[in-house]
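Turn this into a structure:
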Amino acid sequence: MAPRITKDEQGGKIVLAFSLMLAYTIISVAIRLHTRWPWNKLFKREDAVLLIATAVTIGYTATLALAVENGYGTRYTERTTAHVSLPDVERTISVSFVLLFLAEGLGTISYGLFLVSLAEDDGGHRVALEAGCFLEAVFTGVAIIVASVYAARRESLSAPIWITFGVIQGAILLLLFSSIASMLLVSRMHWWKKTRAILWFGLSLLLIGAIVVRLTFTPANIFHAGFTADTIDLLIIMIVEMHFHIINATYPNLLVFAEKATTGFIISGAPRNDSITALPRSQASRDSEEKRSFSLSQRLKFLSRHSPDKSQTQSRSSETEAGGSQDSGFAGD
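This is a model prediction of the structure:
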């Protein structure tokens, strides 16, 4: 029987939430892969991690669908007892928590690896970003183990554990964002370009807010009497939060895609070198400090260019016309 949204049955809300968010995530990842074409040159390790995270979100969705099928979302009363299998619901929800931590961890690691690739010329910030990725990997491993132990017991994580895990997640996201923001602030770019670039990565701050909201809705014991109907809002917040971890990793590429789709512009100053930190020839003649100048817009567009050969040809043509004295319009001031 298809899930409905009535006074005693709210499972349809869960189905609606995970269906919409999964669709958004798949579209975001598809656009990310589109901007990475040709894959044999532009597909990076963070993209592989992102694909694994997306596969985990599909598994997470399947567990929630099974939970709804077993009666999650139905108010447990004498009239609905026959439609609810509490042991099965508790088991599937417990497994979904394991997949939740795995998907969010992989999404954050993909996001961090992307930032690391932008910091190849900046040793200090690169170390901070790599440390963030390492801490997230360790945290994800610990969280999965703890959640798996509770799932085997068919128990819910306690409120202190949820709070501890939430604080760690927020701290790691803040570390990654503050590192990239700090790198942008000291770059040789116009202030409005810095602001725009920082906003490109600002979705991680919204993720921290989502974690805070989720913790405020988390009861001392999720599997309390009547939880099949009382925790609907909590599960919806978890669904949105998890998918936004994936979308956060694709967000900068989505902006590049949107700009290309609306303007049809392909950057002409991108170098042929596959390194995202490669600099145009005209910049090679500047001093060492200016060589390290960070041009995020140019690098993101180079990451997502569709035709490397054409970009190379256009780059050489524009450099010849400019006499090698000017950079691409996206370079830092």
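
pretty sure Asp121 belongs to a helix, no?
No - membership of Asp121 in a helix is not supported by DSSP: H, G, I helix; E, B strand; the rest coil, which gives coil.

what about it, distance to Ile208?
Relative to Ile208, Asp121 is positioned 28 Å away (criterion: C-beta to C-beta, to the nearest Å). Placement of C-beta: from N, CA and C, glycine included.

And for Glu9?
For Glu9, the distance to Ile208 under the criterion C-beta to C-beta works out to 34 Å.

Kindly report the same for Glu130.
For Glu130, the distance to Ile208 - C-beta to C-beta - is 21 Å.

now do His243
Distance from His243 to Ile208, by C-beta to C-beta: 16 Å.

Look at the two and report which has more neighbours.
Counting neighbours by other C-beta atoms under 10 Å for His243 and for Ile208 shows that His243 has the greater number, 27 against 17.

Does that one touch Val56 like I think?
No - with contacts counted by C-beta atoms under 8 Å, His243 stays clear of Val56, the gap being 11.3 Å.

What separation do you get for Ile163 and Pro219?
When distances are taken as C-beta to C-beta, Ile163 and Pro219 turn out to be 12 Å apart.

Might you calculate how far stretch 134-151 sits from the centre of the chain?
Taking the mean C-alpha point of stretch 134-151 and that of its whole chain, the gap between them comes to 18 Å (C-alpha atoms, centre = their mean, to the nearest Å).

and what of stretch 179-197?
When C-alpha coordinates are averaged (C-alpha atoms, centre = their mean), stretch 179-197 and its chain have centres 21 Å apart.

what about that stretch, average pLDDT?
For stretch 179-197, mean pLDDT is 83.

in the stretch 1-150 of the chain, what spans have low per-residue confidence?
Counting by pLDDT under 70, the stretch 1-150 of the chain has low-confidence residues at 1-4, 8, 76-83.

Kindly recompute the last result at 50.
78 (pLDDT under 50).

Val247: what's it in contact with?
Rather than Val, residue 247 is Ile. Tyr24, Thr25, Ser28, Leu203 (C-beta atoms under 8 Å, 6 or more residues apart in numbering).

Any quick ChimeraX command for the buried ones out of these?
Buried members of the contacts of Ile247, identified by 16 or more other C-beta atoms under 10 Å, are gathered into one ChimeraX selection as follows:
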select :25,28,203
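
if we take the contacts of Ile247, which one ends up nearest to Ser96?
Among the contacts of Ile247, Thr25 lies closest to Ser96 (C-beta to C-beta), at 15.8 Å.

Ile246 is in contact with that closest one, correct?
Yes - at 4.9 Å, Thr25 counts as touching Ile246 under the criterion of C-beta under 8 Å.

shared neighbours, those two?
Going by C-beta under 8 Å, 6+ apart, residues that sit against Thr25 and also against Ile246 are Thr54, Thr57.

related to what we said a few turns ago, just send the contacts of Ile247 back as CSV, with distance to Lys13 and secondary structure too.
Below are these laid out as CSV (distance: C-beta to C-beta, whole Å; DSSP: H, G, I helix; E, B strand; the rest coil):
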residue, distance to Lys13, secondary structure
Tyr24, 17, helix
Thr25, 18, helix
Ser28, 23, helix
Leu203, 25, helix
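
With that, I have no additional questions.
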